[in-house]
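give me coordinates for this.
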Amino acid sequence: MSILSEQSVASYGPQPSECDPLKDPMQLGPIALPTQSTSEIQPNGTASVPPAVSPLASSVEPLIEVNTEKGTDATLKDATLKDATLRSESASTEETAQQQVTLQRLCQNASLYSGDLKAAADLIVQSAVDLVDIDRASLWFYITEDYFQLISSYDKTHKTHKNGLILAITDHPTYLKTLTQRDYLLVEHSSQTDPLTQCLGAANLLLSGAFLEIPIRVQGKLVGFLWYEHARAHPWTAIEQTNAVSIALLAATAFDSQQRLSLTNSLTHHRRQLKRETIEREQAEQAWQESQRFIQGIIDASTNILYVDSFADGSNFYINRWIQNVLGYTPGDIQKLGKNYLEQLVHADEKALMVSERRKLLAINDGEVVENEYQFRHRQGNWRWLLCRETVFQRNEDGQPTQVFGTATDITKRKHAEVALQEFNAELERLARMDGLTQVANRRSFDEYLTQEWENVGSGRSALSLILCDIDYFKSFNDTYGHQAGDVCLRKVAKSIERAAKRNTDLVARYGGEEFAIVLPNTNEIGVQQVAQEIQQEIAALGILHSQSDVSEYITLSLGIASITSTKNAHPDMLVAAADQGLYQAKYDGRNRFCVGQIECA
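Residues are numbered from 1 along each chain as shown. The predicted structure is shown next:
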């Protein structure tokens with residue numbers, strides 16, 4: 001008889017103080033991953049399990065002995081009884097041997113070592129029902145610190161598996177929190193009132209019969225438990241208890257295999273992840289290096305000076321090598337210049353402009369650009385024009401600029417071209433306003449200048465005077481001496497008139513043919529008459545022979561003069577008309593003289 005069945009109440013197995021001192025009772029909670037299986041795996045993938053020895057079994061009662069001193073009948077009865085006993089023992093031995101074979105085949109089943117805990121659990125609980133000859137077996141494992149989960153349960157009557165049920169420790173504290181304090185729990189009669197299983201029965205988790213619980217440990221850690229149940233009262237035999245423990249050991253093996261597989265998969269995943277991250281990091285490093293080479297290639301290929309300066313003191317952080325092509329300095333030379341190196345290189349006339357332009361960076365937004373043109377000193381001493389564009393590169397926490405990014409483009413050739421173009425345009429403008437023959441202003445310039453000076457009368461200038469003059473008998477001069485001589489005469493007369501009109505503000509223009517006009521700003525009637533007399537003197541000094549003139553043997557001029565001190569109710573044409581009237585009067589009076597014309601205001 002088993003020691004478990006010797007009590008009329010539930011048996012809980014040895015208490016911690018009664019257990020083997022090598023056994024360390026564990027605490028509830030997540031388990032550590034096992035490092036050693038409870039079964040030894042053979043090279044062929046099977047597990048060898050030593051013959052099951054029940055820790056729950058008791059000593060077996062002695063066999064009945066034969067009494068040789070009794071009579072024949074008694075002897076026959078004794079022999080018959082002995083024979084029956086031997087046959088019973090033989091049958092029990094054969095059944096035990098068969099169970100051992102079944103258990104060994106179960107130990108060799110690959111499902112136990114595959115790492116598939118669900119498949120192993122289904123096999124274990126169904127084998128437990130058959131091997132221990134019970135009505136139901138259930139295998140539970142920890143899933144968190146506070147919960148157990150039913151991995152698999154097999155019902156002999158319905159021949160069905162069940163799983164997924166959750167047991168919360170807080171719902172059954174009396175039972176679940178004491179798991180670590182026992183090696184087993186045994187109930188033989190449903191009539192027994194056991195405080196540990198009472199809560200399970202009340203929750204309809206157990207059959208109303210016999211119950212055997214074996215805790216499952218791996219590496220000394222409690223990981224779950226296996227339930228064996230009868231629908232009716234049942235005394236648990238030693239062989240049943242031994243087989244129950246053996247199957248529980250197989251459950252621990254299956255759990256250990258699952259943990260090992262999980263660990264292997266986790267390590268494999270981490271190795272793959274690490275390898276992938278290493279490859280990605282190497283690829284990122286390679287991509288970064290390629291991008292750096294690409295960017296450096298762009299910088300080196302740029303025909304602009306690229307630089308990054310400190311906004312605070314104007315010192316240089318970075319400048320590309322193109323500066324050597326433009327200004328003759330190396331990047332090292334620039335950085336040795338120290339603070340405000342640009343101000344050291346810029347033309348003195350433009351230093352203040354550069355400082356004020358850089359201050360504009362304090363007020364601009366990101367992406368906006370401040371640009372201007374400056375002259376910089378080349379290392380050899382000459383000057384180069386650079387177009388500088390600057391923007392904020394970095395700001396501090398307060399949003400103030402700390403670094404400036406700039407580009408400088410060599411525009412020296414363009415500036416020289418601009419100067420040449422300006423000179424060319426000025427020359428074109430001069431030519432457009434100059435008479436080609438006499439090299440004095442043409443009629444267009446005369447009209448524009450007269451209009452301009454007309455606006456100034458009364459605004460700082462008291463008077464405006466005009467002289468119109470004509471070479472006397474010029475047609476006869478051309479007929480006598482030829483047109484080439486006439487052209488020479490016109491040029492000399494023009495230069496003589498320019499000498500008489502001495503001021504820079506006086507304009508001498510060819511009015512048409514042999515006629516000339518002289519605009520005299522800020523000149524009154526007395527002043528214009530004096531200029532007219534000087535013109536006559538300059539013409540007389542030329543001594544150009546004119547044999548066909550009726551007034552002199554030399555070239556002479558007739559002049560008409562007019563002056564105005566107020567433009568109110570008048571316009572420039574009135575001044576021209578008055579001077580023309582004076583010219584007509586001078587010709588009418590005999591030429592080689594000047595006459596004053598009067599403005600007739602409306």
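
please, which helix or strand holds the residue at minimal distance from the centre of the chain?
Nearest residue to the geometric centre of the chain (C-alpha atoms, centre = their mean): residue 288, 13.9 Å. Per DSSP states H and E, residue 288 falls inside helix 238-301.

which helices and strands does that helix pack with?
helix 72-107, helix 117-132, strand 211-218, strand 221-229 (3 or more C-beta pairs under 8 Å, 6 or more residues apart in numbering; DSSP states H and E). For the C-beta atoms, the positions are set from N, CA and C on the backbone; glycine is no exception.

by mean pLDDT, show me the worst of the ones you listed.
The stretch with the lowest mean pLDDT among the helices and strands packed on helix 238-301 is helix 72-107, at a mean of 66.

may I have the phi/psi pair for residue 535?
When read as degrees, to the nearest 10, the backbone of residue 535 gives phi -60, psi -40.

what is the burial count for the residue lying closest to residue 320 once chain neighbours are set aside?
Nearest residue to residue 320, sequence neighbours excluded (C-beta to C-beta, 6 or more residues apart in numbering): residue 306, at 4.6 Å. Residues lying near residue 306 (other C-beta atoms under 10 Å) number 17.

likewise for residue 349?
Residue 349: 9 neighbours (other C-beta under 10 Å).

check contacts around it.
residue 375 (C-beta atoms under 8 Å, 6 or more residues apart in numbering).

and it, how far from residue 383?
Distance from residue 349 to residue 383, counting by C-beta to C-beta, to the nearest Å: 11 Å.

got the domain ranges for the chain?
Domain segmentation of the chain under automatic domain parsing yields 3-39+53-59+112-264, 305-417, 436-596.

now residue 189, what's its secondary structure?
Look at residue 189: counting by DSSP: H, G, I helix; E, B strand; the rest coil, its state is coil.

name the element the residue lying closest to it once chain neighbours are set aside belongs to?
Excluding the flanking residues, the one nearest residue 189 by C-beta to C-beta, 6+ apart is residue 233, at 4.3 Å. Of the helices and strands defined by DSSP H and E, none includes residue 233.

and the helix holding residue 288, how far from the chain's centre?
The chain centroid and the centroid of helix 238-301 are separated by 30 Å, computed with C-alpha atoms, centre = their mean, to the nearest Å.

ok and it relative to strand 211-218, angle-wise?
40 degrees (axes from the mean of the first three to the mean of the last three C-alpha atoms, to 10 degrees).

which element follows helix 238-301 toward the C-terminus?
strand 305-310.

for that following strand, packing partners?
Checked by 3+ C-beta pairs under 8 Å, 6+ apart, strand 305-310 has strand 316-319, helix 322-327, strand 401-410 packed alongside it.

any residues touching the longest one, and which ones?
By that I understand strand 401-410. With C-beta under 8 Å, 6+ apart, strand 401-410 has contacts from 303-312, 317, 323, 326, 358, 361-362, 384-396.

at 7 Å what do you get?
The contact list for strand 401-410, computed with C-beta atoms under 7 Å, 6 or more residues apart in numbering, reads 304-311, 317, 326, 361-362, 384, 386-396.

name the residues of that strand that are buried.
401, 403, 404, 405, 406, 407, 408, 409, 410 (16 or more other C-beta atoms under 10 Å).

related to what we said a few turns ago, hmm, the residue nearest to residue 189 is touching residue 209, no?
Yes: using C-beta atoms under 7 Å, residue 233 is in contact with residue 209, at 5.8 Å.

who has more neighbours out of the two?
residue 209 (18 against 14).

list the contacts for the more buried one?
Per C-beta under 7 Å, 6+ apart, neighbours of residue 209: 190, 229, 230, 231, 232, 233, 234.

for residue 197, same thing?
Contacts of residue 197 by C-beta under 7 Å, 6+ apart are 175, 187, 206, 211.

export the one helix or strand residue 526 maps to as CSV, just CAs?
Using DSSP H and E, residue 526 maps to helix 525-542. Written as CSV, here are the backbone C-alpha positions of helix 525-542 (Å, rounded to 0.1, in the frame of the first residue of the first chain):
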residue,chain,number,x,y,z
GLU,A,525,21.0,140.7,-71.4
ILE,A,526,24.3,142.6,-70.6
GLY,A,527,26.2,139.3,-70.2
VAL,A,528,24.9,137.9,-73.4
GLN,A,529,25.9,141.0,-75.4
GLN,A,530,29.4,140.6,-74.0
VAL,A,531,29.5,137.0,-75.1
ALA,A,532,28.3,138.0,-78.6
GLN,A,533,31.1,140.6,-78.9
GLU,A,534,33.7,137.9,-77.8
ILE,A,535,32.3,135.6,-80.5
GLN,A,536,32.8,138.3,-83.1
GLN,A,537,36.3,138.9,-81.9
GLU,A,538,37.2,135.1,-82.1
ILE,A,539,35.7,134.9,-85.6
ALA,A,540,37.6,137.9,-86.8
ALA,A,541,40.8,136.4,-85.4
LEU,A,542,40.4,133.4,-87.6
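
before we move on, back to that, of the contacts of residue 197, which is the nearest to residue 465?
residue 175 (130.6 Å; C-beta to C-beta).

does the closest one touch residue 201 like I think?
No: with contact defined as C-beta under 7 Å, residue 175 does not reach residue 201; the gap is 10.4 Å.

compare neighbour counts for the two and give me the winner.
residue 175 (21 against 16).

quick one: the more buried one is in a helix?
Yes: assignment of residue 175 by three-state DSSP places it within a helix.

for the residue lying closest to it once chain neighbours are set aside, what is the enclosing helix or strand?
Nearest residue to residue 175 in three dimensions, chain neighbours excluded: residue 196, at 4.9 Å (C-beta to C-beta, 6+ apart). Element membership of residue 196, judged by DSSP H and E, is helix 195-202.
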